[in-house]
Each structure stands twice: as structure tokens, then as C-alpha cells.
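Q: Need coordinates for the below:
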Amino acid sequence: MSSGLPIDLILFAMVAAFLVLRLRSVLGRRTGFERPPQGEAAAGPGPVPREAAPPPPAVAAGRGIPDPRSPAGQALARIRMADASFDAGRFLGGAEGAFRMIVQAFASGDRNTLRDLLAPEAFAGFDQAIAAREAAGATQRTEIRAIHDMGIEEADLRGTIADITVRIVSDQVNVTTAADGSISAGAEAVTEITDLWTFQRDLAVSDPTWKLVGTRPA
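A: Next up is the predicted model:
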């Protein structure tokens, strides 16, 4: 899915190279990347409950917002003009939570979480990758030890379509264990991983949902 996963799982996940995740935008005190409390009815993919999110990192992530005079900064200003509820800082906080949930859910094979976060076609790709891992008798363990940096690298507004690319620098441990218990990929060593995730939203629609439309290594 990204450079943060071992090479064999990258190959598995190539079928899902262009992802679409249902992520809530910033509204009031909500980060925009949450699910409603258990029992609350939801139409379509729901946000994720606070208690389901992984614990905060030992090292707080730095938050990088572009200079207002830069092309990305000017694009963010146009996004804010089109959507008064948009706040770049809170958006980055939500993006950090989403990154943690998605990486951990894929590694653990948590289909329920992925089903909530991904559009049907994207979920089908992840489900296929998880099924291939299960068929091989392999297991994946991913630990995000810290997220050091969350910064907006690029932003664009084309008509009503907003795109924001976030640079994520994290310390991770990724280990794939084969059916016989041997380590087939990865290692216990902590590795610094840098990813670029691009989120997209149509600001003209009432649904305040951001979608992850692509991931790539930096």
C-alpha cells in the first residue's frame, strides 16, 4: 500500500494502488476522521470511534502548513473560501489518525474497519490482498512507534474539486511471519518511512467527506 509495508505486501496491495477512503471533514470540534458512537445510525461508510483509534504517538507529530504566499498556501486559502469549516491544522490532525487506522487495519486484516473506511471497489482490492496473505498462512505485524512530521506538501482547487497531499514521516516496525513461524519479510528494527497521501473532496456537495485517492513513497 505504501513504502511502510514489506515488499511482499506491496505486491499484494498493487491491486489497490488507487485508494478511495471515506474520511470525515473538519466540523466543529470533530476532527473529520471519526466514526459516531456505537449504536448511532450511519448512512454509508461511518466515521471511526475515538476509542478504536490507536494511542497517540510517543513523539508528537510536527504540523507543517505551507506559507500563505506559496502555491499550496494560496490553494488552501481558496479551499477555505469555498468551505468555511475547513481548517488546515485540524485536517492534519485527522489525517494522522486516519493514517494510523488504515495502516494498522490492513496489517491486522481488520476487514470491518477497512470496510467502513474504504469505498467498495477499494475495499475489494484490500480484501484480496488480505485473502492472499491468509492463504499463504502469513501474518503481518506493523507498529507505528512515532509520527515525527505531518505536513501539507501540495494543495490544489480545480473548480470545486480540492486535493491536499500530506507528507507523513513515521517510525515503524514491519514484520511478516510465514506459516512456519519464520520471518519472511521485514525486521524488528525501527525504520523511518516517508509517505505522501493525497486526499480529495468535491466542495460543491453537501457530504463533507474527504477521500484518499492515492499513496506513494516520498
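Q: so who does Ala218 touch?
A: Residues counted as contacts of Ala218 (Cβ atoms under 8 Å, 6 or more residues apart in numbering) are 3, 167, 194-196. (C-beta placed from N, C-alpha, C; glycine too.)
Q: Looking at the residues you listed, which one is closest to Asp180?
A: Comparing those against Asp180 with Cβ to Cβ places Ser3 closest, at 27.0 Å.
Q: ok so, going back, just the ones in helices from the contacts of Ala218, please.
A: Members of these lying in helices (criterion: DSSP state H): none.
Q: Report the lowest-confidence entry in these.
A: Among the contacts of Ala218, Ser3 has the lowest pLDDT, at 48.
Q: residues of the longest helix seen in the chain that come out buried?
A: Counting residues, the longest helix in the chain under DSSP H turns out to be helix 88-108. Across helix 88-108, burial judged by 16 or more other Cβ atoms under 10 Å covers 88, 90-107.
Q: before we move on, what about stretch 70-86?
A: Residues 72, 75-76, 79, 83, 86 are the ones in stretch 70-86 that count as buried (16+ other Cβ under 10 Å).
Q: before we move on, what about stretch 152-161?
A: Residues of stretch 152-161 classed as buried by neighbour count (16+ other Cβ under 10 Å): 152-157.
Q: Out of the residues you listed, list just those in strands.
A: Counting by DSSP state E, these place 152-157 in strands.
Q: Of those residues, which pair is most distant in space?
A: Glu153 and Leu157 (15.5 Å).
Q: which stretch of helix or strand covers Phe115?
A: Careful, residue 115 is Arg and not Phe. helix 111-117 (DSSP states H and E).
Q: Ok, Ser206 next?
A: Under DSSP H and E, no helix or strand contains Ser206.
Q: do the same with Gly186
A: Using DSSP H and E, Gly186 sits in strand 183-202.
Q: tilt between that strand and helix 88-108?
A: Going by axes from the mean of the first three to the mean of the last three Cα atoms, to 10 degrees, strand 183-202 is angled at 140 degrees with respect to helix 88-108.
Q: Who are the packing partners of strand 183-202?
A: Judged by 3 or more Cβ pairs under 8 Å, 6 or more residues apart in numbering; DSSP states H and E, strand 183-202 is in contact with helix 7-12, helix 88-108, strand 139-158, strand 161-177, strand 209-217.
Q: That strand: partners in the sheet, and parallel or antiparallel?
A: Sheet pairing for strand 183-202, assigned by DSSP bridges, gives strand 161-177 (antiparallel), strand 209-217 (antiparallel).
Q: Quick check: mean pLDDT of the last one?
A: Spelled out, it's strand 209-217. For strand 209-217, the per-residue pLDDT averages 77.
Q: Burial check on Phe123, number of neighbours?
A: When neighbours are counted by other Cβ atoms under 10 Å, Phe123 registers 20.
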